[in-house]
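Novice: model this:
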Amino acid sequence: MLSYRAVYERAGSVGEQESMYVSSLWCRRDGIWVNVFSQDTPDTGAPVV
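Specialist: Numbers count the residues shown, from 1 in each chain. Take a look at the predicted model:
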């Protein structure tokens, strides 16, 4: 499982950055890494507990 905070800029919104928390679960199948689950949660600025 990979968990991280992603900072990005939407197309057309120059200079306006947003962020979200992402969790992705990966599994190796026949020698290839496959993403089997992913969840994105908006970063609202509220404390993460």
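Novice: report pLDDT for the residue of the chain positioned farthest from its centre.
Specialist: Residue farthest from the centre of the chain, counting by C-alpha atoms, centre = their mean, is residue 30 at 25.2 Å. Listed pLDDT for residue 30 reads 97.
Novice: give me phi/psi at it?
Specialist: Dihedral angles phi and psi of residue 30 (degrees, to the nearest 10) take the values phi 50, psi 40.
Novice: swap in residue 41?
Specialist: With angles defined as degrees, to the nearest 10, residue 41 sits at phi -130, psi 120.
Novice: one step back: from residue 17, how far out is the residue farthest from the centre of the chain?
Specialist: According to C-beta to C-beta, to the nearest Å, residue 30 stands 38 Å off from residue 17. For the C-beta atoms, the positions are set from N, CA and C on the backbone; glycine is no exception.
Novice: same deal with residue 31?
Specialist: Separation of residue 31 from residue 17 (C-beta to C-beta): 37 Å.
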